[in-house]
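Q: Attaching a predicted model along with its sequence, questions to come.
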Amino acid sequence: MELRETTSKPSAQRGRWLELSVEAMAEAVDAVVDLFSRYSYQGGVAVSHAVAPAPDQEGGTIDETKPARVAAYLPLDEFADQRVEAIRQGLWHLEQIQPIGELHIRVIAEEDWAESWKQFFPILHIGKRIVIRPSWQDYTPQSGEIVIDLDPGMAFGTGLHPTTRHCLELLEDLSLQGAILLDAGAGSGILSIAAIKLGAQAVDAVELDPVAIDVLKANLLRNNVASAVTVHQGDILSLPLPQRYSCIVANIFARVLIEAAPRFRRALMPSGLMILSGIITEARDDVVQRYRHLGFTVRDQRQEGDWVTLLLQRNDDL
């Protein structure tokens with residue numbers, strides 16, 4: 001999945017992790033994701049949907065008539081038992097409202113974590129032309145398609161979750177020819193790569209997690225866009241930004257989007273566009289109010305389940 005928190009890395013160096021997973025139908029998935037994200041490493045949660053194969057057997061679409069598998073990863077440290085118990089209690093409360101599958105827990109080594117994600121990533125068609133091809137699968141592009149070769153490894157950003165899909169759809173709808181972008185919370189690099197392949201001139205990709213940075217750089221090289229994307233490791237709330245941008249895309253939590261709003265405004269050119277994602281519906285109005293106060297107008301909105309993505313435009317220069 002693609003949710004991420006800008007927090008420091010815990011004791012991942014210990015090399016052993018807990019994988020917690022349950023199966024849930026579509027109407028319960030967001031509630032489970034919200035619960036898991038409170039306790040998982042950097043708020044990351046993997047949602048693995050059942051996939052209905054495409055007629056040509058190359059790729060497919062998400063099948064929401066079947067349960068999705070929701071998984072979270074916790075460092076196996078002195079706080080693990082406390083976090084697991086909190087998740088158990090949270091699942092018990094959710095089960096009083098709607099059925100949720102049994103909680104499965106297993107210990108995995110860090111090197112197995114990265115590999116365990118692969119089995120759940122299909123080839124995805126997003127928007128009109130974008131195709132996400134896991135680096136370990138074969139795919140023959142059709143005319144006009146933009147193929148992103150991706151190995152998410154231990155970073156987040158696969159295209160499976162609505163937050164990333166919405167960002168890709170909105171990027172595809174924008175005129176990015178020659179644009180200069182900021183990708184705040186770049187994760188796997190999926191949005192930076194898409195922006196360049198859609199015509200952007202350059203991207204500054206900001207990522208906090210050193211593990212994700214390695215994955216990001218590898219994906220940039222895999223897609224032959226490394227020369228157009230500058231990677232910056234640091235916190236988007238404090239990292240000096242090297243230039244102003246015609247477009248900013250930020251797929252992070254609402255709390256961070258609200259806190260970063262003045263920085264984003266200063267970094268955005270007059271009449272520039274912003275794609276804000278990772279917003280739960282309950283936080284949508286707070287985000288909109290904050291950005292309207294700073295002179296932004298909502299140009300578009302995408303919603304799927306409890307997740308909202310906004311396209312904003314800066315109205316004036318300060």
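A: Okay, I see it. Numbering: from 1, shown residues only.

Q: gap between the host helix or strand of residue 232 and the chain center?
A: In this structure, residue 232 sits in strand 229-233 according to DSSP states H and E. What separates the centre of strand 229-233 from the centre of its chain is 17 Å, taken as C-alpha atoms, centre = their mean, to the nearest Å.

Q: Can you dump the C-alpha atoms of the helix or strand harbouring residue 279 in CSV for me?
A: Assigned by DSSP H and E, residue 279 belongs to strand 268-280. Extracted in CSV, the C-alpha atoms of strand 268-280 (Å, rounded to 0.1, in the frame of the first residue of the first chain):
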residue,chain,number,x,y,z
LEU,A,268,4.3,26.6,-5.7
MET,A,269,4.3,29.0,-8.6
PRO,A,270,1.4,31.3,-9.1
SER,A,271,-1.6,29.4,-10.6
GLY,A,272,0.3,26.2,-9.8
LEU,A,273,-1.5,22.9,-9.1
MET,A,274,-1.4,20.6,-6.1
ILE,A,275,-2.6,17.0,-5.8
LEU,A,276,-3.2,16.2,-2.2
SER,A,277,-3.9,12.5,-1.3
GLY,A,278,-4.0,10.1,1.6
ILE,A,279,-6.9,12.0,3.1
ILE,A,280,-9.7,10.2,4.9
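
Q: Report the buried residues of that strand.
A: Residues of strand 268-280 classed as buried: 268, 269, 272, 273, 274, 275, 276, 277, 278, 279, 280 (neighbour count, 16 or more other C-beta atoms under 10 Å). Where you see a C-beta, it was placed from the backbone N, CA and C, and this is true even at glycine.

Q: now, which of these sits nearest residue 27?
A: residue 280 (15.0 Å; C-beta to C-beta).

Q: any idea how far that closest one lies from residue 33?
A: Using C-beta to C-beta, to the nearest Å, residue 280 is found at 9 Å from residue 33.

Q: now do residue 97
A: On the measure of C-beta to C-beta, residue 97 and residue 33 end up 15 Å apart.

Q: likewise residue 89?
A: 17 Å.

Q: Between those two, which is the more surrounded one?
A: residue 33 (25 against 11; other C-beta atoms under 10 Å).

Q: Shouldn't that one be within a strand?
A: No - in this structure, residue 33 is helix, not part of a strand, as judged by DSSP: H, G, I helix; E, B strand; the rest coil.

Q: wait, it sits on residue 46?
A: No - using C-beta atoms under 8 Å, residue 33 is not in contact with residue 46, being 9.4 Å away.

Q: residues of stretch 291-311 that come out buried?
A: Those would be 291, 294, 296, 300, 302, 306, 307, 308, 309, 310, 311, for stretch 291-311 by 16+ other C-beta under 10 Å.

Q: Could you pull up the contacting residues of residue 243?
A: Contact partners of residue 243, counting by C-beta atoms under 8 Å, 6 or more residues apart in numbering, are 180, 204.

Q: What's the separation between the nearest residue to residue 128 once chain neighbours are set aside and residue 198?
A: Leaving aside its sequence neighbours, residue 128 sits nearest to residue 172 (C-beta to C-beta, 6 or more residues apart in numbering; 6.3 Å). Residue 172 is 6 Å from residue 198, where distance means C-beta to C-beta.

Q: What is the subsequent helix or strand relative to the helix-or-strand element of the chain with minimal mean pLDDT?
A: When the helices and strands of the chain are scored by mean pLDDT, DSSP states H and E, strand 60-62 comes last with a mean of 61. Going down the chain from strand 60-62, the next helix or strand is strand 68-75, by DSSP H and E.

Q: quick one: contacts for the residue lying closest to residue 267 once chain neighbours are set aside?
A: Leaving aside its chain neighbours, residue 267 sits nearest to residue 241 (4.9 Å; criterion: C-beta to C-beta, 6+ apart). Taking C-beta under 8 Å, 6+ apart as the criterion, residue 241 is in contact with 182, 204, 206, 263, 267.

Q: who does the one helix or strand the third one maps to pair up with?
A: Assessed by DSSP H and E, residue 206 sits inside strand 202-207. Taking DSSP bridges as the criterion, strand 202-207 forms sheet pairs with strand 180-184 (parallel), strand 229-233 (parallel).
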